[in-house]
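Colleague: Return atomic coordinates for the entry below.
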Amino acid sequence: RRRRSIAKAIIDSAPDGEADLLALADKGDIRTLVREFVKMNTVLVIIGMTMALVSEHTQSWRHRSLYGALSLVCCTVAVFLTYGIAGHLRHQNAGWNFAQAFRGGKEFVLLQIAGWCVFGVAVLTQGVVIASSIYVGTQVIPGGMYVGAFAAITSQYIIIHSIRHFKPSHTTPHVLASGKPVEGIPTKVQSPWSYRQLPHLSVSEKLVMYGILALFCNMQFLSFACYMILFCLPYMCPPSAAELVDKLSLNLIPMLPGDKENFYHTVVVWGLLLGAIASWTFFYAILVVQGVRGWRLSVMLATFAVADFGGLMNYSRESPHYMMLVLICTLNFVYISTTFTKNPESNACREWTELREWPVFGDMFERFFGFRLELTEECAKIADKLGDENAEDPRHRQVMLLFHPHSIFPLSHVALPCTGLWRAAFPNLKTNSLVASIIHLVPVMRDVLQWFGCCDVSRHSVLELISMGRNVQIVCGGQTEMFESRSWDDDIAVVRRRRLGVFKIAIQQGLGIMPIFSFGETLTFDNIYMPTLQAAFKKYLGFPFPFLMLGKYYLPVPRRVPISIAIDAPVYPIKQNDAPTLEEIVELQTRYFDALQRLFDQFQEQCGHSARRIKWLDG
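Modeller: Alright, predicted model coming up:
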């Protein structure tokens, strides 16, 4: 029972999990749990070794590369889990972190260097064997899988022993003594953020929620992954299942012989398909930027799609993938004709009310992040009147909402209006969350977000939604705040002296602007920390590359941290003016950000942010 409690504290990954570990377990319990976990990973390495030996003695290049890839995955997962999780369990109160260059004592550092060098040999040799099997059809390094398997088990053994020699350091994890973070590694979320307990979730509930959130946060890759599976399936399928797959797919997925020529042809056709989809998407983006709407947009999109996909099908007429391409192109044409031609990114015509109000989705976010609304006294007085078309005060009938901060991935911006918590606090305030324009070009991701009522964050969309009587919710920080978002930084970046267009629209339409601040939003994700390179890309290309969302266990899955969202009453313009001067716009902007600062100061302590402050970005 005690070991179960320890494991539960780790799985919960709550910021106070370390305190739970100390309270629940003594040193012997921790070491027993570590031994059991290491044994499990060692078994996984042995499975990887077995797959490597099978790969070495397989004649077919297709099976050799498949078994080799499985061996490489098993060994890699086992070694990283042994080092990361077993090390955390063993030294959870001694400053252990996944990346800790030259920390932990001389013996630990030397063993780590040896272990990771041997592991590098394992990955390199197995990778060369797999690549040569795929691209050349023969094994370039005879006995390479033997070498890789032996190196993998050796590296596992060395890393296990290195964990035993770890010595705690007095330096804050991932932060140098000078206070400057180590480039390339985001700092771990510290325990002081645990200002309240998150709702209890069973292990099965956590697995389901993490799976759904992983899909939700990575929807941009789903269409790409589907096409990759369809084209790679002929080469991954064992011969015994080829006939079954051929029948189930109605001969759309050809079972091709695994030779170099067929594989190269498949890669070329797959690349051409992705290129055709990308070129059409780029063409659509140009039309939208140029302001093409209505029937002209429909005709031009249909014409380009016929030429684009028709050219691809004509080029691939003799290809064994021809029938599958015909099906994919036809489905894409239907998808384009039915979802792109009515400007759903501007008028929310694809909004699915039943999905937005489906209690399962909202309840999942409420329980996972422990959503809590904090309303000021002024806001609480008028909360039930906001958004009501029959409100006595006409200023309450329609408002704009500004959400802060942007963070790496503002989950609450999309999820909060769909929760029962929001509907209980604001029964008449139905909002449309605005997201980046590029999201409305990505299949699957655009569909899901448009079903939830999300629209394009552009002036045209804002004005059209306001004319329809909608309440728009905007994250005005954009890439600037995203670039500056770090969970370990006490400064929360908020853009202030920009985005004048939002306040100009508010004055023109006579609408109040509600300040919203999400405490804990910046803790869910980090971006890989390479400020010099990212600043250069942002300056010349407009995007902070490299961009890699790092959440729980450095995966693109959000950390489970408590999120409290503070909301203030709307800040109204002095008077409605169709042609406001710059002074009027700046005056409203100044009053708004003063209200946002007061909102932060009022709730920061009870929301666990007493040590943090807003860093205004005025440049």
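
Colleague: From here on, just use CA atoms for contacts and neighbour counts.
Modeller: Will do.

Colleague: which SSE is the closest residue in space to residue 272 that isn't next to it in sequence in?
Modeller: Using C-alpha to C-alpha, 6 or more residues apart in numbering and skipping the chain neighbours, the partner closest in space to residue 272 is residue 312 (7.2 Å). Taking DSSP states H and E as the definition, residue 312 sits inside helix 294-315.

Colleague: Check which residues of the helix or strand following that helix are buried.
Modeller: Downstream of helix 294-315, the next assigned helix or strand under DSSP H and E is helix 322-339. Using 16 or more other C-alpha atoms under 10 Å as the test for burial, helix 322-339 gives 322, 323, 324, 325, 326, 329, 330, 332, 333, 336, 337.

Colleague: The second one and residue 361, how far apart?
Modeller: As defined by C-alpha to C-alpha, to the nearest Å, residue 323 lies at a distance of 38 Å from residue 361.

Colleague: Ok, the fifth one next?
Modeller: Counting by C-alpha to C-alpha, the gap between residue 326 and residue 361 amounts to 36 Å.

Colleague: got a list of contacts for stretch 393-401?
Modeller: With contact meaning C-alpha atoms under 8 Å, 6 or more residues apart in numbering, stretch 393-401 is reached by 385-391, 469-474, 506, 510-516, 570.

Colleague: Same question for that stretch: list its buried residues.
Modeller: Counting neighbours by 16+ other C-alpha under 10 Å, one finds that the buried residues in stretch 393-401 are 395, 396, 397, 398, 399, 400, 401.

Colleague: Please identify which of those is nearest to residue 212.
Modeller: Checking the buried residues of stretch 393-401 against residue 212 with C-alpha to C-alpha, the nearest one is residue 401 at 27.3 Å.

Colleague: Could you give the bridge partners of the closest one?
Modeller: With DSSP bridges as the criterion, residue 401 is bridged to residue 473, residue 514.

Colleague: residue with max distance from the center of this structure?
Modeller: residue 392 (42.5 Å; C-alpha atoms, centre = their mean).

Colleague: before we move on, which element is that residue in?
Modeller: Assigned by DSSP H and E, residue 392 falls within no helix or strand.

Colleague: How confident was the prediction at it?
Modeller: Per-residue pLDDT puts residue 392 at 91.

Colleague: Tell me where this protein has strands.
Modeller: All strands of the chain, identified by DSSP state E, fall at 372-375, 399-404, 431-435, 455-456, 471-474, 491-495, 512-519, 526-527, 549-550, 564-567, 613-617.

Colleague: for those strands, which one sits closest to residue 200?
Modeller: Of all those, strand 372-375 sits nearest to residue 200, with 15.3 Å by C-alpha to C-alpha.

Colleague: Mind listing the strands the closest one pairs with, and their directions?
Modeller: Using DSSP bridges, the strands paired with strand 372-375 are strand 564-567 (parallel).

Colleague: Go ahead and flag the most central residue of this structure.
Modeller: In the chain, the centroid-proximal residue (C-alpha atoms, centre = their mean) is residue 217; its distance is 3.8 Å.
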